[in-house]
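Asks: This is the structure alone, sequence omitted:
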């Protein structure tokens, strides 16, 4: 089998000392920020993007990916101990994890989440390994029109499937596309929207945009929310973590179901880990013989969603690595990191950079094993970290952002850019706009324009090409169906609101 | 509350209409080209028009829908902005250590009750870390302190 030769290549790459080191840094930081509420994977990956300028591509991507799936492991710790999710996808773990902690079973909950995370991730990686090369092969036959249609579908799906209003989601994608236009036009050399500022000639820096939207804005919004650090009352010993045979039995099937749900949702653009974990919790509650146990410390309520979000974190790499279509903002940043390194994302990645592709996949295995080690014997350290007050953390985060962005070009202008996008991000937060679709649009915008132009050139200006090619027509049909579905949902929601208003009225 | 509209979407949509309109008009400074051979203005113009359209889609329903007013937290907002701005202005003129101290000091005011002693310790600790990790470790060319102002 080809796959084994490829995996061997991958492990060779991933076991290189430097890659191994960055993998460890990634999963360590991932667990750290996953445990801590108030700083997420997006902010951290944005903060570490400047490092990708100094580190070889494989090591850089291995590290950034490690932060992402490491955060999925750490996220449930704060949920269980403090009833405060460390990451959005761990919010579900509060529902039954915190009651478990109250019943003195916090240790068991922590062990089971790590176990569930490992199962979910492992199965997710197997799916990723098996399907990615197939999908990339199919995508190799895509023409420019097909690409354009696929990116359109990716953006519309990301905007309509994510939380919140689909209109706002699409609006943010469009704003992202517009920001992506700034810089030199590749085909004509025309400077667009640069206002004669030389620093904008290469476009708005992705690093500055991401740091502003996810870093600075998050700090501003978190200060009043976080307050002083909280102490976890319990001391978690290894002995207190041993689950009963019943815990294990009751978790096996839910973990497999959770993994299945997570694997599907992770691979879909726009859905991702958070939705997968909520979905998996809802399904467990539905199939349970006694649904009333949920919310009172049911072990399935912790393990199933935990498997789901970890599986989703792994399968999210499928469309990103094989098609060059990021499913969420984290994946968009991963693509951005590749572009910074001069690697063109898309189906050619597997054949042109096999060492990167397979090295990354192999590093997921290594990283997940490191995570189990980090999370089980060392859980005490993470619990202690929960008591770090936010007033110490946020100046450090800000400083890291400022020095990080400065180091990219040694230019103070970039710090000002971060400030501007921080303000934009905070205003967006106030107006309840999601920044994630914006990043997707920003990354895909220039690629979409290029494919559109190429498609039109090839078809001699005949837009019918999008409908004549079966692949592109298929993508457009799904896009249209998604939009129609979102519209129906919107109309129904507005009707319900109006009815509610009439009933509430005199 | 009666009588309040959903100001989140009204403000957001209006900003989008204004921004999108400006973006489209500005794009017309460049060569539009034809559908077959698109110029640098073609794609941005299309996006700008769509931004305006979605701005309208946000504002119009929001006008008839009850909702709240966004409540900014001015104190953290201003303090953090000032901290980042001060760092940007200070880092090249004065060096890494003064910039770090200024950033820490201003950022502390984001809290309702800043702890000045903690801030002083934090500022010094962060300065030391920044110099060790970035200037010494990664070799980023910012001097710790620029003496000749």
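Replies: Cool, the structure landed. If you're wondering where the values come from, they're calculated on a predicted model, not measured in any experiment.
Asks: how distant is stretch A:99-111 from the center of its chain?
Replies: 27 Å (Cα atoms, centre = their mean, to the nearest Å).
Asks: Buried ones in it, by neighbour count?
Replies: A:99, A:100, A:101, A:105, A:106, A:107, A:108, A:109, A:110, A:111 (16 or more other Cβ atoms under 10 Å in any protein chain shown). Every residue, glycine included, has its C-beta placed from N, CA and C.
Asks: can I assume residue A:492 sits in a helix?
Replies: Yes - judged by DSSP: H, G, I helix; E, B strand; the rest coil, residue A:492 forms part of a helix.
Asks: any idea how far it is from residue A:332?
Replies: Relative to residue A:332, residue A:492 is positioned 30 Å away (Cβ to Cβ, to the nearest Å).
Asks: neighbour count winner among the two?
Replies: Between residue A:492 and residue A:332, residue A:332 has the larger neighbour count (other Cβ atoms under 10 Å in any protein chain shown), namely 27 against 10.
Asks: so the more buried one is in which element?
Replies: helix A:329-340 (DSSP states H and E).
Asks: Show the model's pLDDT score for the residue of chain B found nearest chain A.
Replies: Relative to chain A, the nearest point of chain B is residue B:36 (2.9 Å; Cβ to the nearest Cβ). What the model reports for residue B:36 is a pLDDT of 84.
Asks: Now do the same for it: helix, strand or coil?
Replies: Here residue B:36 is coil, with the state taken from three-state DSSP.
Asks: wait, doesn't it sit right on residue A:454?
Replies: No - look at residue B:36 against residue A:454 with Cβ atoms under 8 Å: they stay out of range, at 11.4 Å.
Asks: Mind checking which of these two has more residues around it?
Replies: residue A:454 (17 against 13).
Asks: For the more buried one, which non-adjacent residue is closest in space?
Replies: Once flanking residues are discounted, residue A:454 sits nearest to residue A:144: 3.9 Å by Cβ to Cβ, 6 or more residues apart in numbering or on different chains.
Asks: how near is that neighbour to chain B?
Replies: 12 Å (Cβ to the nearest Cβ, to the nearest Å).
Asks: what does residue A:376 give?
Replies: Using Cβ to the nearest Cβ, residue A:376 is found at 30 Å from chain B.
Asks: Quick check: that residue touching residue A:236?
Replies: No - under the criterion of Cβ under 8 Å, residue A:376 makes no contact with residue A:236, lying 10.4 Å away.
Asks: Tell me which of the two has more neighbours.
Replies: residue A:236 (21 against 15).
Asks: show me the residues around that one that make contact.
Replies: Neighbouring residues of residue A:236 by Cβ atoms under 8 Å, 6 or more residues apart in numbering or on different chains: A:106, A:107, A:110, A:379, A:380, A:383.
Asks: Now the second one: which helix or strand?
Replies: Pointing back at residue A:107 there. Assessed by DSSP H and E, residue A:107 sits inside helix A:106-139.
Asks: Kindly report the same for the fifth one.
Replies: In this structure, residue A:380 is located in helix A:379-385 according to DSSP H and E.
Asks: Does residue A:123 touch residue A:261 like I think?
Replies: No - in this structure, residue A:123 is not within contact of residue A:261 by Cβ under 8 Å, at 11.6 Å.
Asks: Run a quick neighbour tally on residue A:402.
Replies: Neighbours of residue A:402 (other Cβ under 10 Å): 29.
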